[in-house]
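Chemist: Here is my input; please provide its structure:
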Amino acid sequence: MTSGWRQPYAQLKEFVSEHPEIEIGEKIVRIPEAPRAQFYVLFDKIGSALLHQDLPDIFPETARLAKSFSEAKGELSTRLGMVQISASHGLERFLDDPQASLMAELFDLTLDLVKGRASPEAFEDAASRKADAFSQRFYRMGYEKWVEMSVTGLLDPDRVLCVPLPKISIVKKFKTMSPLKHKVPRPKDKSDLILEREVFPIFTTPDFIVHSARLRKFASLATEIVDPAWGASNASRRRKWYQVAPIRAELAASGGWPDISVYVSRWASDLSLVTDTISVARPDLIIECNELEERREQDIEKAKLEHRVLKPKLGTFIVSRGLVSKKEGTELGDGIRLLAVGFDRTKLRPIVEALSGSKKARRSLSS
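Modeler: Modelled structure (predicted):
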């Protein structure tokens, strides 16, 4: 492995030696105003050089994802007549400027290098691993949100609702955790969407609920399922519920909940709740996303486990960004299907066909 970042590192060390007013040690960093701007220009070049050395493909690939993500967001916003659709700040920042996001992640490691607390070899190894993990996490999240918005657009949505959970502090959530159950609010129409979940919500609700003109039903999609604080007193009796603890334990072996859980019903109120402290709703359909070819086997095994444990009524789809060879196949049997989609949202139509209950979709999933 070459070490192109060592040149700007050497330049920074020379710059510091030429400016004795700069003090940098294991326990001190003092950079006066006059040399500060140039110091950080050289400092930033270290991280930038390492990223282009070790992760050269991440920038063009992220640019492609960002373009598709923006198009899907714009199309869905226009269709729903919405003011705004936004994802988490971290994801939006990564898609807008992946280099700035990654360099911010590497700041502390680079500072340790400059302070002499880490050797060049240790810095290169730690920084490369951290940047790779960070970029994979947010790239996967971005692809997952692109799939979610694209599937929703294919449903011909004409109305959007969200479950208006009250804003409650972490302290109050813990204080109100008890055997007593709380009421889940009814869904309400929304004029904007925020595709981000609280770290510790009172209930796990869908990201949003839409009325689908194509299905003539309501559909909800849930991502980033996390453990909630409260039990629900009004979970829909028209849905099937599993005890959440054993389900969570089984899914933990593969990395947790499905990427996207989809639910459909004639009544929006049936879709208000995904999981509380006691139960989790049986999905109508599961979507697992595969953004990297080297992760495909892992994602397929994860999807198979989710399918076996959660038993989605309309099947499980694995949406792949890469090509799928004939040897790999697309029909995995037992209601699981692999779709080679890339960024072509029209290739997501089999998911909508499955949700519509078409005979073609049923034959495909049962093969």
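Chemist: domain assignment for the protein?
Modeler: 6-138, 142-366 (automatic domain parsing).
Chemist: any weak-confidence spans in this structure?
Modeler: Within the chain, the ranges that satisfy pLDDT under 70 run 1-3, 175, 178-179, 326-331, 358-367.
Chemist: follow-up on the earlier one: put together a markdown table for the domains of the chain, with mean neighbour count on each row.
Modeler: For glycine as for every other residue, the C-beta is placed from the backbone atoms N, C-alpha and C. Output for the domains of the chain, formatted as a markdown table (neighbours: other Cβ atoms under 10 Å):
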| stretch | mean neighbour count |
| --- | --- |
| domain 6-138 | 16 |
| domain 142-366 | 18 |
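Chemist: My guess is G4 contacts D54. True?
Modeler: No. Contact criterion Cβ atoms under 8 Å: G4 and D54 do not qualify, at 9.4 Å.
Chemist: what are the ranges of the strands in the stretch 51-200 of the chain?
Modeler: 84-87, 157-162, 188-189, 192-195 (DSSP state E, counting those that start in this stretch).
Chemist: Just checking: what are the partner strands of the shortest one?
Modeler: Here the strand partners of strand 188-189, with direction, are listed using DSSP bridges: strand 157-162 (antiparallel).
Chemist: For the residue lying closest to L155 once chain neighbours are set aside, what are phi and psi?
Modeler: Nearest residue to L155 in three dimensions, chain neighbours excluded: S212, at 4.0 Å (Cβ to Cβ, 6 or more residues apart in numbering). S212 adopts backbone torsions of phi -100, psi 120, taken as degrees, to the nearest 10.
Chemist: Then the one 4 residues further on?
Modeler: For R216, the backbone dihedrals are phi 60, psi 40 (criterion: degrees, to the nearest 10).
Chemist: Other residues contacting the strand or helix carrying G47?
Modeler: Using DSSP states H and E, G47 sits within helix 33-54. Helix 33-54 is contacted from outside by 1-5, 7-9, 11-12, 15-16, 19, 21-22, 31, 58-59, 99, 102-103, 106-107, 110, 113-114, 124, 127-128, 131-132, using Cβ atoms under 8 Å, 6 or more residues apart in numbering.
Chemist: Minimum distance to Q243: which of the strands of the stretch 51-200 of the chain has it?
Modeler: Of all the strands of the stretch 51-200 of the chain, strand 157-162 sits nearest to Q243, with 26.9 Å by Cβ to Cβ.
Chemist: Contacts only, for S233.
Modeler: Counting by Cβ under 8 Å, 6+ apart, S233 makes contact with 181-184.
Chemist: Run through the residues that contact L332.
Modeler: By Cβ under 8 Å, 6+ apart, the contact list for L332 reads 300, 304, 318, 338.
Chemist: among those, which two are most distant?
Modeler: K304 and L338 (11.1 Å).
Chemist: Take the contacts of S233 and lay them out in a markdown table including distance to Q84.
Modeler: Below are these laid out as a markdown table (distance: Cβ to Cβ, whole Å):
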| residue | distance to Q84 |
| --- | --- |
| K181 | 34 |
| H182 | 29 |
| K183 | 29 |
| V184 | 25 |
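Chemist: Helices - which of those residues land there?
Modeler: Assigned to helices by DSSP state H, none of the contacts of S233 qualify.
Chemist: between those residues, which is nearest Y139?
Modeler: Distance to Y139 across those (Cβ to Cβ) is lowest for V184, with 33.1 Å.
Chemist: I figured the closest one hits N234, correct?
Modeler: Yes. At 5.7 Å, V184 counts as touching N234 under the criterion of Cβ under 8 Å.
Chemist: show me the residues around the residue nearest to K302 when sequence neighbours are not counted that make contact.
Modeler: Spatially, and ignoring its direct neighbours in sequence, K302 is nearest to S254 (4.1 Å; Cβ to Cβ, 6+ apart). Residues near S254 by Cβ under 8 Å, 6+ apart: 301-302, 305-306.
Chemist: Dump these to TSV, plus distance to P228 and secondary structure.
Modeler: Formatted as TSV, those follow (distance: Cβ to Cβ, whole Å; DSSP: H, G, I helix; E, B strand; the rest coil):
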residue	distance to P228	secondary structure
E301	27	helix
K302	22	helix
L305	22	helix
E306	19	helix
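Chemist: Which one of those residues is nearest to D276?
Modeler: E306 (19.5 Å).
Chemist: Three-state assignment for the residue nearest to that closest one when sequence neighbours are not counted, please.
Modeler: Spatial nearest neighbour of E306, excluding adjacent residues (Cβ to Cβ, 6+ apart): P258 at 4.9 Å. Following DSSP: H, G, I helix; E, B strand; the rest coil, the label given to P258 is coil.
Chemist: measure P258 to V274 for me?
Modeler: For P258, the distance to V274 equals 11 Å [Cβ to Cβ, to the nearest Å].
Chemist: cool, and Q53?
Modeler: If you measure Q53 against V274 using Cβ to Cβ, the figure is 42 Å.
Chemist: cool, and R248?
Modeler: 13 Å.
Chemist: hmm, back to that, off-centre distance for the helix holding G47?
Modeler: 30 Å (Cα atoms, centre = their mean, to the nearest Å).
Chemist: Please put the alpha-carbon coordinates of it into CSV.
Modeler: The C-alpha coordinates for helix 33-54 follow below in CSV (Å, rounded to 0.1, in the frame of the first residue of the first chain):
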residue,chain,number,x,y,z
GLU,A,33,-4.4,33.1,14.8
ALA,A,34,-1.8,34.1,12.3
PRO,A,35,-0.6,30.5,11.2
ARG,A,36,-3.9,28.8,12.1
ALA,A,37,-5.5,28.9,8.6
GLN,A,38,-2.5,27.5,6.8
PHE,A,39,-2.0,24.9,9.6
TYR,A,40,-5.5,23.5,9.0
VAL,A,41,-5.1,23.5,5.2
LEU,A,42,-2.2,21.2,5.6
PHE,A,43,-3.9,19.3,8.4
ASP,A,44,-6.9,18.6,6.2
LYS,A,45,-4.7,17.5,3.3
ILE,A,46,-3.6,14.5,5.4
GLY,A,47,-7.1,13.1,5.7
SER,A,48,-8.0,13.9,2.1
ALA,A,49,-5.0,12.2,0.7
LEU,A,50,-5.6,9.1,2.8
LEU,A,51,-9.3,8.9,1.7
HIS,A,52,-8.4,9.1,-2.0
GLN,A,53,-5.6,6.6,-1.4
ASP,A,54,-7.6,3.9,0.4
